[in-house]
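Colleague: got a sequence here, can you build the structure:
(one chain, ligands or ions: 1)
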Amino acid sequence: MKIFTTKQELKDYLSTIKAKNKSIGFVPTMGALHEGHLSLIKKAATKNDTTVVSIFVNPTQFDNVEDLKKYPKTLENDVKLLKSVSCDILFTPSVEEIYSEKITSEKFNFDGLEHQMEGKFRDGHFDGVGTIVKTLFEIVTPNKAYFGEKDFQQLQIIKKMVQKSNLDVKIKGCPIFREKDGLAMSSRNTRLTKEHREIAPLIYKILKKTKKKFGTENVTKVNKWVEKQFKKHPLLELEYFTIADEKTLKTVIIKESNNKYRAFIAVFAGEIRLIDNIRLKINN
Ligand code: AMP
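Modeller: Sure, this is the predicted structure:
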């Protein structure tokens, strides 16, 4: 596996790959890699000639300074994991390499997708995400890029950015990879206390029950039921639960049979903010 820390060296190397007409699959990450990330990388590796992974903890997408400071960094282990899944290229630039002196985001218009859910609770988050992904796409120029449904709103926003800016890259969504007990894998899970780690799988349990209830009950009733469940568990603090249209991400009040819906949730387990989501079906 080749490791690059500068844009120019990576670009020069990739131009030799492109000259041979080889396809490039790209997986952007913030490191502290786990099986969820690896599932994206494995997918990229089976569908492309060359797989590029980036590890960059992007400061402009953090609205919380402490979260940024404490974001886990495990580069040595990440390199081992990447070698085990036959990643071809790792790009790990410094903040200066990406942003020079101005650590600021471009302002984006994602046709309203950015104002829902995470956008409401994390100020400027999606401008930061748009800025870094666009920058990385310009450097890597991938044919395909892989994103997890774990961050479903991010996935839809990246698709929108690609469509609106006419970028020549295919965006592929990949399913959520979970721990055996159902907790969605996340780099932040390692920061959970023992007690919070024990209770955290409840989030997915509630989402699965939500899926069942959504088949037969109205949305208001489902919302109230979820809120009630979290009130019983003082270790978990519900930030938001919303059932939304998959395409517009707008909160749904009355379900219509032609639309696709998903339930989205953000929960604080102590200091750690966890997000998850699940696909819903009417009459399941
Ligand atoms: P991150 O390092 O958290 O920025 O994540 C990098 C990519 O991995 C994003 O596209 C995430 O959606 C994806 N990802 C993170 N956790 C999971 C998971 N548990 N299952 C599937 N994809 C994931």
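
Colleague: which residue does the stretch 101-250 of the chain have closest to the ligand?
Modeller: G148 (2.2 Å; C-beta to the nearest ligand atom). All C-beta atoms are positioned from the backbone trio N, CA, C, and that covers glycine.

Colleague: hey, what's that residue bridged with?
Modeller: With DSSP bridges as the criterion, G148 is bridged to C174.

Colleague: count of neighbours near it?
Modeller: A count of nearby residues for G148, using other C-beta atoms under 10 Å, gives 22.

Colleague: contact partners for it?
Modeller: Contacts for G148 (C-beta atoms under 8 Å, 6 or more residues apart in numbering) come out as 36-37, 40, 155, 173-177.

Colleague: just L90 next, same as before
Modeller: 1-4, 52-55, 78-79, 82.

Colleague: the closest residue to it other than its chain neighbours sits in which helix or strand?
Modeller: Nearest residue to L90 in three dimensions, chain neighbours excluded: I3, at 4.8 Å (C-beta to C-beta, 6 or more residues apart in numbering). Secondary structure from DSSP states H and E places I3 in strand 2-4.

Colleague: ok, that strand: who's next to it in the sheet?
Modeller: By DSSP bridges, strand 2-4 pairs with strand 89-91 (parallel).

Colleague: averaged pLDDT, the partner strand. What do you get?
Modeller: For strand 89-91, the mean per-residue pLDDT is 98.

Colleague: list of residues touching whatever helix or strand comes next after it?
Modeller: Counting by DSSP H and E, the next helix or strand C-terminal to strand 89-91 is helix 95-99. Residues outside helix 95-99 that contact it (C-beta under 8 Å, 6+ apart) are 5-7, 56, 58-60, 103, 132, 135.

Colleague: next: stretch 132-144.
Modeller: Contacts of stretch 132-144 (C-beta under 8 Å, 6+ apart): 7, 10-11, 14, 18, 23-26, 28, 44, 47-48, 52, 54, 56, 58, 60-61, 91, 98, 106, 145, 158, 161, 165, 167, 169-172.

Colleague: okay, now the closest residue to R197 other than its chain neighbours: neighbour count?
Modeller: Of all residues not flanking R197 in the chain, N189 sits nearest, at 7.1 Å (C-beta to C-beta, 6+ apart). Per other C-beta under 10 Å, the neighbour tally for N189 reads 20.
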